[in-house]
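Colleague: Pasting a predicted model and its sequence here:
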Amino acid sequence: MKVSLDFLNDLVHGDSVKKLESLNNYRLIEFLSNVVKLCEPDSVYLITGRNEEKEYIRKKALERGEEIKLKTSGHTIHFDHPLDQARAREDTFILTDSKIPYVNTKPRNEGLNEILGLLKGSMRGREMYVGFYSLGPRNSPFQILAVQVTDSPYVIHSENILYRNAFGDFNNNKQFLRFVHSKGELDIRKRRIMIDLADNTVYSINTTYAGNSVGLKKLALRLTITKAAEEGWLSEHMAIIGFNGDNGIHYFTASFPSGSGKTSTSMIGSLISDDLAFIREFDGFPKAVNPEIGVFGIIQGINARDDPIIWEVLHKSGEVIFSNVLMTEDGDVYWEGSELPKPERGYNYEGKWIRESGKPASHPNARFTVPLTSFKNLDGNWDNPNGVVIDGIIFGVRDYSTLIPVVEAFSWSHGVATIGASMESARTSAVIGKSDELEFNPMAILDFMPISLSRYLRNYLNFGKRLRRSPKIFGFNYFLKDENNKFMNSKEDKRIWVSWAVKRVEETTDAIYTPIGFIPLYEDLKALYKRVLGREYSKEEYEKQFKIKLKRYLEKTDRIIGIYLKFDDIPSEIISELEMQRKRIIDYISKYGDSVSPFRLEKT
Ligand SMILES: Nc1nc2c(ncn2[C@@H]2O[C@H](COP(=O)(O)OP(=O)(O)OP(=O)(O)O)[C@@H](O)[C@H]2O)c(=O)[nH]1
Ligand SMILES: O=C([O-])CC(=O)C(=O)O
Ligand SMILES: [Mn+2]
């Protein structure tokens with residue numbers, strides 16, 4: 001099929017149209033032709049992978065005022081609209097004609113009409129940027145191609161940092177995911193993000209916050225979850241991290257809800273990914289790659305003592321886009337929780353800021369965008385086209401009251417059902433709305449779920465069955481508080497839970513059997529605290545942290561069973577694992593009461 005490129009000749013400068021033509025991809029030309037017709041840009045700029053193109057985008061971001069240069073070389077700052085500081089759950093819709101519990105949907109035709117209406121002519125008087133990327137390493141069985149169209153140089157600049165440029169890979173009519181974004185008029189009431197699964201296309205308008213606008217991040221996740229469920233692999237909201245054990249390095253994936261531990265956990269190991277993972281089975285082994293090559297991380301609370309690696313990245317020269325922090329008069333930045341003296345005045349996403357106002361200097365969801373290669377803990381396999389073998393999977397939550405710091409599942413299906421699919425976590429500033437409410441968030445991925453949880457979980461269970469040895473599943477909780485509302489653990493303690501999980505993977509230590517899974521022995525943690533953190537760990541600390549609140553666990557299990565019974569086709573294994581857990585907890589309650597000290601329970 002031959003599609004004419006004439007529509008581009010008047011809009012594009014240089015030889016890019018020729019390059020596009022040489023790809024021989026009529027799908028691509030058709031898509032671009034449709035978008036140009038719809039959005040009516042004044043000119044089109046294609047990013048085919050040359051350095052001068054990346055430079056051009058950086059320059060445009062400054063010229064258009066979407067970024068401001070800071071004093072450190074390579075650093076810029078971007079501000080999002082005051083009402084556009086996080087993911088807009090309520091304005092985001094999966095276009096489908098069937099209603100799916102817990103998923104925000106809209107009938108397809110209605111949604112398309114609305115979004116195409118909003119996008120019509122949205123780029124008049126503006127330049128349209130087109131980026132061609134690869135999710136996952138190039139020359140890899142994991143690779144998924146994606147095209148981003150946007151009129152925001154900040155958005156395409158972010159994507160140039162976060163994703164692998166792959167223009168040349170789009171040859172011969174290859175398929176690709178499509179993302180169409182326009183800033184529109186930044187009329188927040190008309191902010192819409194519409195996910196059209198049928199056409200592998202996501203549209204987004206009247207927003208610039210990266211979680212709503214950078215297509216390849218959380219918008220692509222909706223498309224890849226669908227694709228993964230169809231094809232029998234896993235597309236997850238997970239970090240990928242290497243941890244050293246006595247027998248070498250072990251790779252784990254780690255799923256925590258937004259703002260609850262992925263990036264911070266990736267900094268205590270060898271970094272491959274801090275947010276997303278594609279996991280596929282090869283010869284019975286689960287292997288993972290990072291779809292991204294950069295980090296869009298939370299900045300609040302980053303300080304030199306707790307986060308030395310990120311601190312270094314944010315202070316050396318090199319490409320960094322800060323968003324929604326405070327810009328100071330001398331072209332520097334300041335954020336809350338940095339442990340540096342607060343400036344007198346500055347400029348932030350709301351305009352002029354003065355310390356006297358008592359208002360926070362930066363937004364709690366302020367972020368930094370940087371390439372992975374800036375991190376000194378980057379793992380040697382970060383771009384390995386074959387991925388790394390996964391030995392463990394962590395599902396962590398922000399639970400202030402109930403869940404113990406670490407537990408190991410009895411099996412794949414036990415872990416999938418009672419840990420991953422049972423996650424409940426306090427909401428954070430990464431989502432617009434009220435923070436700190438406990439919400440159901442299976443696999444930390446509910447916000448991105450495009451399909452029924454039944455289908456998603458069936459795929460998970462089946463995936464495990466194809467493995468020779470399934471990864472061990474662990475449940476983490478960094479956020480347990482005591483009766484005085486104080487955290488029971490320091491940020492450093494995550495090193496201990498990780499070290500214990502590595503020992504379990506290496507099968508060099510015993511554990512205690514409980515109705516909710518295996519938990520650490522006091523002696524093992526005591527030794528790890530000594531070795532890893534050089535401090536004593538008292539029996540009292542252990543008993544407080546690992547006391548199992550049986551009654552609360554029972555209530556939680558009942559809540560989760562109640563949720564899954566609402567789905568008509570939920571895999572029976574999910575319900576039976578939860579029912580068995582419920583029975584075990586009830587037995588223990590009749591024996592021990594509402595809670596039980598780990599010292600009363602037995603070694604396996
Ligand atoms: N109390 C406590 N807070 C922690 C701990 N680890 C991380 N945090 C806090 O958790 C928040 C951010 O966690 P991140 O690791 O950046 O979250 P993330 O999962 O990468 O989030 P997204 O980028 O939104 O997907 C910050 O406010 C940290 O200070 C911990 O062990 N204890
Ligand atoms: O998507 C975003 O806005 C940032 C992020 O990683 C998350 O919220 O999970
Ligand atoms: Mn995330």
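Modeller: Sure thing, it's come through. Residues are numbered from 1 along each chain as shown. Ligands and ions are numbered 1, 2, ... in the order given.
Colleague: Show me what stretch 528-548 is in contact with.
Modeller: 404-405, 480, 482, 488-489, 492-493, 495-496, 499-500, 514-516, 519-520, 522, 525-526, 588, 595-599 (C-beta atoms under 8 Å, 6 or more residues apart in numbering). Any C-beta I mention is one placed from the backbone N, CA and C, and that applies to glycine too.
Colleague: buried ones in it?
Modeller: For stretch 528-548, burial by neighbour count (16 or more other C-beta atoms under 10 Å) applies to 528-529, 532, 537, 541-542, 545-546, 548.
Colleague: cool, stretch 306-318 as well?
Modeller: By neighbour count on 16+ other C-beta under 10 Å, the buried set for stretch 306-318 is 306-307, 309-310, 313-314.
Colleague: So which of the residues you listed belong to helices?
Modeller: Judged by DSSP state H, the buried residues of stretch 306-318 include 309-310, 313-314 as members of helices.
Colleague: And those, which is closest to ligand 3?
Modeller: Distance to ligand 3 across these (C-beta to the ion) is lowest for Ile310, with 15.3 Å.
Colleague: Identify the residues contacting the closest one.
Modeller: Going by C-beta under 8 Å, 6+ apart, Ile310 touches 263, 267, 297, 302, 368, 375.
Colleague: tally of neighbours for the third one?
Modeller: By other C-beta atoms under 10 Å, 21 other residues sit near Gly297.
Colleague: Please tell me I have it right and it contacts Asp274.
Modeller: Yes - here Gly297 lies in contact with Asp274, judged by C-beta atoms under 8 Å, at a distance of 6.6 Å.
Colleague: Quick check: phi and psi on the closest residue to ligand 3 within the stretch 301-450 of the chain?
Modeller: Nearest residue of the stretch 301-450 of the chain to ligand 3: Ala430, at 7.0 Å (C-beta to the ion). Main-chain torsions, Ala430, degrees, to the nearest 10: phi -70, psi -10.
Colleague: Can you tell me the SS state at the nearest residue to it once chain neighbours are set aside?
Modeller: Distances taken as C-beta to C-beta, 6 or more residues apart in numbering put Ser258 closest to Ala430, at 3.5 Å, once the chain neighbours are dropped. Under DSSP: H, G, I helix; E, B strand; the rest coil, Ser258 falls in the coil class.
Colleague: Could you pull up the residues touching Ser258?
Modeller: For Ser258, the contact set (C-beta under 8 Å, 6+ apart) comprises 87, 428, 430-431, 444, 447.
Colleague: Distance to ligand 2 added to the residues you listed, as JSON lines?
Modeller: JSON lines is the format used below for the contacts of Ser258 (distance: C-beta to the nearest ligand atom, whole Å):
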{"residue": "Arg87", "distance to ligand 2": "5"}
{"residue": "Thr428", "distance to ligand 2": "8"}
{"residue": "Ala430", "distance to ligand 2": "4"}
{"residue": "Val431", "distance to ligand 2": "7"}
{"residue": "Ala444", "distance to ligand 2": "8"}
{"residue": "Asp447", "distance to ligand 2": "8"}
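Colleague: Got the phi and psi for the residue in the chain that ligand 3 sits nearest to?
Modeller: Residue of the chain nearest ligand 3, by C-beta to the ion: Asp275 (4.4 Å). Here is the backbone geometry of Asp275 (degrees, to the nearest 10): phi -150, psi -40.
Colleague: That one contacts Thr265, doesn't it?
Modeller: No - checked against C-beta under 8 Å, the pair Asp275 and Thr265 is beyond contact range at 11.3 Å.
Colleague: list residues touching both of these two?
Modeller: Both Asp275 and Thr265 are contacted by Ala239, under the criterion C-beta under 8 Å, 6+ apart.
Colleague: Domain map for the chain?
Modeller: As assigned by automatic domain parsing, the chain contains the domains 6-66+87-231, 235-293+382-536, 295-374.
Colleague: Kindly reformat the ones you listed as a markdown table containing distance to Lys583 and mean pLDDT.
Modeller: Below are these laid out as a markdown table (distance: least, C-beta to C-beta, whole Å; pLDDT from 0 to 100):
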| stretch | distance to Lys583 | mean pLDDT |
| --- | --- | --- |
| domain 6-66+87-231 | 26 | 97 |
| domain 235-293+382-536 | 8 | 97 |
| domain 295-374 | 40 | 98 |
